[in-house]
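Student: Requesting a structural model of the entry that follows:
(chains A and B)
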Amino acid sequence: MLKIENLHASVDGKKILKGINLTVKPGEVHAIMGPNGSGKSTLSNVIAGRDGYEVTAGSVLFHGQDLLAMEPEERAWAGVFLAFQYPVEIPGVNNVYLLKAGLNARRRHQGLEELDAMEFMQLVREKAKLVELDQTFLSRGVNEGFSGGEKKRNEIFQMAVLEPSLAILDETDSGLDIDALRVVAHGVNALRSPERSVVMVTHYQRLLDYIEPDVVHVLVDGQVLKSGDKSLALELEKRGYDWVREEANA
Amino acid sequence: MPKLADIRKEAWDAFEQVGLPTTRQEEWKYTSLARLGSVLGEAWWTPAAPTSLSVADIEAFAIPNLDAWRVVFADGRLVESASSLPEGASLTPLSELISTNGEQAATALQWQADAALFNATVAANSALAEDGLCLCIADGLKLARPVYMLHVNSNPGAAHLRHGLWLGSQAEAHVIEHYAGVNEESGLTHAVTLVHLGQGAQLSHDRLQDESLKQFHLGRLDVTQLRDSHFISHAVALGASLSRLDIAVDLSDTGAACTLNGLYMPTGRQHCDHHTQIDHRAAHCTSRENYRGVLDGRAHGVFNGKIVVHIGASGTDSAQSNANLLLSDKAEIDAKPELVIHHDDVKAAHGCTVGQLDDKQLFYLKSRGISEDQARQMLTFAFADEVLTGMGQLALRRFIERAAFSKLPLDMDAEALVT
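Tutor: Down below sits the predicted model:
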């Protein structure tokens, strides 16, 4: 589904990603862990297509397509979704309108019929229940006046409505209390399917108690230094990151 | 009270002595009325010919589904057959006052050379206005429906209008001034509205200027507020080749409050100027001002918001915000907040921004599958629409949204977008 090869990327001339290799198969859940400044968020942003990141080498293929050649909206139509670490507030743009426009744009590109207002509202209500998002949030401005936890929950709600084939969760667990974390994890788990993959970027093992990964990668200094199963996350929690670095240098 | 004829003559003399404002005056630095003379010649003060518009023609301009009393002026004159006047309130056309009762007309046509934002065109309006609406609302009376004043122009020449809105103590009303037109030749709409709010009175005043792109538009709102009264204004400027609106609010007694919201969206070669002045003369008065501009093409916008806090105005609470979105690099805005504070112990906040759309917001929308063009439109819409959120009448707000966004290349269901 997602194949990243030798990806190098810079921000303002500073090299952040230094040769990332990562393959995600359909249905898999991958966790990317690593210390601050290791390039986790840069990787998420490069996959989603944010401006300001210069890819200097390497490739990102999504279902065999060159993802890096696509605009952010084209990536969304192809099935990529980024749950933001810091979701932006957009006063005046209705939450539900945004989703309807986004979902129907994707359906058009898939050659599917657009959902009418009734079908769409039914879908939205069902998905809002999934992440226990109060109905009143639906008609508000995008993230307008939402608390940190509400914003994250709204991201997962959007993901549930848009049903991407690849979801990237950029530190979705940060700033969440245990109850909110449980709700968010429930939303993600409900979306797991043999066709859908998830890449979770996180600092903490805590999230992985709720969303069990198939593969855990350790990202240090812009490179994936080690990959393993979920027991690797537990080891990182106990021992920190230095031993991974030392092992790689040895 | 001096006689009407004397007031008219004195006003015209005063105007002749001073003439039209020029760009040498600070308050007219960015707006030249030279074209008024050069394009219109004598027509700028000569009344337009009686309208040739039928009632059906006029209806086509009206805001649909608006539950309101309607007063129609076409080419500067009341059209009774298209109007339905409110019961209970005293409402008299200025033309009738002029012909029957000199004294009341004199009140309506008064002008004061020392008024805030005064310029000689106000005196000219006193001299030349032939019609308008004089609305007196008795103490304690609350008008159940809005009064919708529709102004339509079709002929060259000038429509000098003078409106007076007098609300007694605790009276409440909602007045909508709507200016529209189909002029193929340039003309002038010149409308001065005097507002007087008695103790505890509340007036919601919406003003939509959507004239033909050939028209010149000069407008003025002169507001005096007594104790604990509240004035809420929404001023939207979309049309006209050149438009200027002056709003002067005098918070003259304790506890008076005003809220001024404005939206201007000049495109092409339109020139659009707003000057506001709020005078805090008494203690514990509140003013809130929020003006937003969306400018495209080679449009030129001007915003000048002056707040004056006079000696003795303890506990003044004032906040002003002006934000501008430039959609083209040829568009231009001259924005200037002005605070003049003569008293300590006051709160006066102001902010002014000029910029483009937010990249983070754009990326967020695109990452959800919204195309670049549509994302830009959504953000532009949201930026402008924020000013309209407090409007009482949904039909009016939707009408303004449609009119405003028909000026932009907008391909979406705008009504579903708004929050």
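Student: give me the element the residue in chain A positioned nearest to chain B is part of.
Tutor: Closest contact between chain A and chain B, by CB to the nearest CB, is at A:Gly92 (2.9 Å). Heads up, the C-betas are built off the backbone N, CA and C, glycines and all. Under the criterion of DSSP states H and E, A:Gly92 resides in strand A:90-94.
Student: what about dumping the CA coordinates of that strand to CSV?
Tutor: Only the C-alpha atoms of strand A:90-94 are listed here, as CSV (Å, rounded to 0.1, in the frame of the first residue of the first chain):
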residue,chain,number,x,y,z
ILE,A,90,-11.3,27.7,11.0
PRO,A,91,-14.0,30.0,12.3
GLY,A,92,-16.9,30.4,9.9
VAL,A,93,-16.4,27.1,8.0
ASN,A,94,-18.9,24.7,9.1
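Student: Against A:Val124, how distant is the closest residue to chain A within the stretch 251-400 of chain B?
Tutor: Shortest the stretch 251-400 of chain B-to-chain A distance, computed as CB to the nearest CB: residue-wise this is B:Ala382, at 2.9 Å. Distance, B:Ala382 to A:Val124, by CB to CB, to the nearest Å: 20 Å.
Student: What residues of stretch A:200-216 count as buried?
Tutor: By neighbour count with 16 or more other CB atoms under 10 Å in any protein chain shown, stretch A:200-216 contains the buried residues A:Met200, A:Val201, A:Thr202, A:His203, A:Gln205, A:Leu207, A:Leu208, A:Tyr210, A:Ile211, A:Pro213, A:Val215, A:Val216.
Student: Closest one of the residues you listed to B:Ala124?
Tutor: For these, the closest approach to B:Ala124 (CB to CB) belongs to A:Val201, at 68.0 Å.
Student: and the closest one, what does it touch?
Tutor: A:Ala31, A:Ile32, A:Lys40, A:Ser41, A:Leu43, A:Ser44, A:Ile168, A:Leu169, A:Asp170, A:Glu171 (CB atoms under 8 Å, 6 or more residues apart in numbering or on different chains).
Student: Include neighbour count when you put these into a markdown table, please.
Tutor: Converted to a markdown table, those look like this (neighbours: other CB atoms under 10 Å in any protein chain shown):
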| residue | neighbour count |
| --- | --- |
| A:Ala31 | 25 |
| A:Ile32 | 26 |
| A:Lys40 | 24 |
| A:Ser41 | 18 |
| A:Leu43 | 28 |
| A:Ser44 | 22 |
| A:Ile168 | 26 |
| A:Leu169 | 28 |
| A:Asp170 | 24 |
| A:Glu171 | 21 |
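Student: In helices, which of these fall?
Tutor: If you go by DSSP state H, these have A:Lys40, A:Ser41, A:Leu43, A:Ser44 in helices.
Student: Once you drop chain neighbours, what's closest to the first one?
Tutor: Using CB to CB, 6 or more residues apart in numbering or on different chains and skipping residues adjacent in sequence, the residue nearest A:Lys40 is A:Val201, 4.5 Å away.
Student: B:His160 and B:Ala124, how far apart?
Tutor: For B:His160, the distance to B:Ala124 (CB to CB) stands at 8 Å.
Student: repeat for B:Leu40
Tutor: 13 Å.
Student: quick one, which of these two is more surrounded?
Tutor: For B:Leu40 versus B:Ala124, neighbours defined as other CB atoms under 10 Å in any protein chain shown are more numerous around B:Ala124 (26 against 19).
Student: tell me the contacts of the more buried one?
Tutor: B:Ala11, B:Trp12, B:Phe15, B:Trp45, B:His160, B:His190.
Student: what pLDDT does it get?
Tutor: With respect to pLDDT, B:Ala124 has a value of 93.
Student: With B:Asp358 instead?
Tutor: B:Asp358 is assigned 92 on the pLDDT scale.
Student: what about it, neighbour count?
Tutor: The number of residues packed near B:Asp358 is 13, by other CB under 10 Å.
Student: The closest residue to it other than its chain neighbours - how many residues pack around it?
Tutor: Once flanking residues are discounted, B:Asp358 sits nearest to B:Leu379: 7.0 Å by CB to CB, 6+ apart. Residues lying near B:Leu379 (other CB under 10 Å) number 22.
Student: Quick one: distance of stretch A:125-142 to the chain centre.
Tutor: Centroid displacement of stretch A:125-142 relative to its chain, using CA atoms, centre = their mean, to the nearest Å, is 20 Å.
Student: In that stretch, which residues are buried?
Tutor: Quick answer for stretch A:125-142 (16+ other CB under 10 Å): A:Lys127, A:Ala128, A:Leu130, A:Val131, A:Leu133, A:Phe137, A:Leu138, A:Arg140, A:Gly141, A:Val142.
Student: what's near enough to touch the closest residue to B:Thr316 other than its chain neighbours?
Tutor: What sits nearest to B:Thr316 in space, not counting adjacent residues and going by CB to CB, 6+ apart, is B:Val346, at 3.9 Å. Residues near B:Val346 by CB under 8 Å, 6+ apart: B:His280, B:Val309, B:Ala313, B:Ser314, B:Gly315, B:Thr316, B:Asp317, B:Ser318.
Student: Can you name the two of those residues that sit furthest apart?
Tutor: B:Ser314 and B:Ser318 (12.8 Å).
Student: what residues does chain A put near chain B?
Tutor: Proximity of chain A to chain B (CB under 8 Å from any CB of the partner chain) is limited to residues A:48-51, A:71-73, A:75-77, A:81-82, A:84, A:87-88, A:90-94, A:97-103, A:105-106, A:139-142, A:144, A:158, A:162.
Student: Distance to B:Gly305 and pLDDT added to the ones in helices among the contacts of A:Val201, as TSV?
Tutor: Shown next, in TSV, are the ones in helices among the contacts of A:Val201 (distance: CB to CB, whole Å; pLDDT from 0 to 100):
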residue	distance to B:Gly305	pLDDT
A:Lys40	46	93
A:Ser41	41	91
A:Leu43	47	95
A:Ser44	43	95
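Student: Export those residues to a markdown table and append columns for distance to A:Gly13.
Tutor: Shown next, in a markdown table, are the ones in helices among the contacts of A:Val201 (distance: CB to CB, whole Å):
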| residue | distance to A:Gly13 |
| --- | --- |
| A:Lys40 | 20 |
| A:Ser41 | 18 |
| A:Leu43 | 18 |
| A:Ser44 | 20 |
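Student: Name the surrounding residues that touch the strand holding A:Gly92.
Tutor: A:98, A:139-144, B:361, B:364-365, B:378-379, B:381-383, B:385-386, B:416-419.
Student: Neighbouring strands - and their directions - for it?
Tutor: Sheet pairing for strand A:90-94, assigned by DSSP bridges, gives strand A:141-142 (antiparallel).
Student: and the most centrally placed residue in chain A, what is it in contact with?
Tutor: Closest residue to the average C-alpha location of chain A: A:Ile168 at 1.6 Å, with CA atoms, centre = their mean. By CB under 8 Å, 6+ apart, the contact set of A:Ile168 is A:Ser44, A:Ile47, A:Ala48, A:Val80, A:Phe81, A:Leu82, A:Ala83, A:Val198, A:Val199, A:Val201.
Student: The last one belongs to a strand?
Tutor: Yes. Assessed by DSSP: H, G, I helix; E, B strand; the rest coil, A:Val201 belongs to a strand.
Student: and the gap between B:Ile58 and chain A?
Tutor: 33 Å (CB to the nearest CB, to the nearest Å).
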